[in-house]
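Q: Okay, sequence plus prediction incoming.
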Protein chains: 2
Amino acid sequence: MEKELTIQQVAEITGLSPHTLRYYERCQLIAPIERTSSGHRRYSTDDIRWIEFLTRLRSTGMPIRQMQAYSVLVRQHPKALEQRRRFLETHRQTVREQIERLQENLAVIDWKIQHYAALEAQESTNGLFEAP
Amino acid sequence: MEKELTIQQVAEITGLSPHTLRYYERCQLIAPIERTSSGHRRYSTDDIRWIEFLTRLRSTGMPIRQMQAYSVLVRQHPKALEQRRRFLETHRQTVREQIERLQENLAVIDWKIQHYAALEAQESTNGLFEAP
DNA sequence: GCTTGACTTAGAGTGTGCTCTAACTTCTAG
DNA sequence: CTAGAAGTTAGAGCACACTCTAAGTCAAGC
């Protein structure tokens, strides 16, 4: 059940490079991964799940420092559920604000596109009148 | 009508630092700004408008390189409306995708928060049963 | 047994987008 | 007139998040 995956396989699954996977482990975003007798990493499916959640935090703009704090919290205080929840709630709020700002800016870009389209239309109409 | 603003005033209006404003000019995101006889910059309201649009592109994740390309297009080919529109349409698409990804990840974070809340509730219920 | 390719480490290097420094000039208020 | 605040430049420095290098070890197929 608990598949043991190589770093290369995990890289393919998660979309992170082996370099980045090792880097995340060094930064303590990931707990020390199991090793074979020869020192090669073998990832469990739980590890994959954790890495996948990490990448969600990352791609919602959470800095490495904060991810570190959360990772340490999860590993060292597994029973501090409320603290974890609060941490995620805070992040959720920043993500919501991020989305809102993006939508505002998107609206302005939309408006500009409309504006250009209108100018283009006007231009071609003028063309018609100018060349009877 | 055309107010002439100092770099400090523009910094306050736009939220960019004077350093960043000079940097943007060096990178050709901004056309060379008018100068007083002594060489100090004086920004026009049109300059402000342009800078404000730039910051929208920036905060929707457009890299400086692309902003450069767009700026040069606007300045050097003021009549290439269709090209500008296409450029913005392309960017609009990437912003939409960005928002979508954020919303997906937000949903997962939401789910986790719910999950923690449920565990917390369960814990306190157990507490009730354990201490009659 | 040997080759080829994947894995290991510590540490250096890279790209992006600012951000600051130093040395100097200029403006402004008293 | 002068102090000090604000402006100028070229270029150096910084924070972040990777990304790569070098030198070596290990594993799998022939």
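A: Noted; the coordinates are in hand.

Q: What's the separation between the residue nearest in space to the middle of chain A and residue A:49?
A: With distances taken as C-alpha atoms, centre = their mean, chain A has residue A:59 as the residue nearest its mean C-alpha position (1.5 Å). Distance, residue A:59 to residue A:49, using C-beta to C-beta, to the nearest Å: 16 Å. C-betas here are computed from N, CA, C, even on glycine.

Q: tell me what the biggest helix by length in chain A is packed against?
A: If you go by DSSP state H, chain A has its longest helix at helix A:81-130. Contacts defined by 3 or more C-beta pairs under 8 Å, 6 or more residues apart in numbering or on different chains; DSSP states H and E place helix A:81-130 against helix A:64-76, helix B:45-59, helix B:81-130.

Q: Specify the angle between that helix and helix A:64-76 in degrees.
A: 150 degrees (axes from the mean of the first three to the mean of the last three C-alpha atoms, to 10 degrees).

Q: out of everything not next to it in sequence, what's closest to residue A:8?
A: residue A:18 (6.2 Å; C-beta to C-beta, 6 or more residues apart in numbering or on different chains).

Q: Same question for residue A:51.
A: residue A:14 (5.1 Å).

Q: go on, residue A:22?
A: Nearest to residue A:22 is residue A:7, by C-beta to C-beta, 6+ apart, at 7.4 Å.

Q: what about that neighbour, neighbour count?
A: The tally of other residues near residue A:7 (other C-beta atoms under 10 Å in any protein chain shown) stands at 19.

Q: For it, give me its contacts.
A: For residue A:7, the contact set (C-beta atoms under 8 Å, 6 or more residues apart in numbering or on different chains) comprises A:18, A:21-22, A:40-41, A:43.

Q: again with residue A:4
A: Contacts of residue A:4 by C-beta under 8 Å, 6+ apart are A:34, A:42-44.

Q: As TSV, those with secondary structure would be great.
A: Output for these, formatted as TSV (DSSP: H, G, I helix; E, B strand; the rest coil):
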residue	secondary structure
A:34	coil
A:42	coil
A:43	strand
A:44	coil
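
Q: Quick check on those residues: which are buried?
A: A:42-43 (16 or more other C-beta atoms under 10 Å in any protein chain shown).
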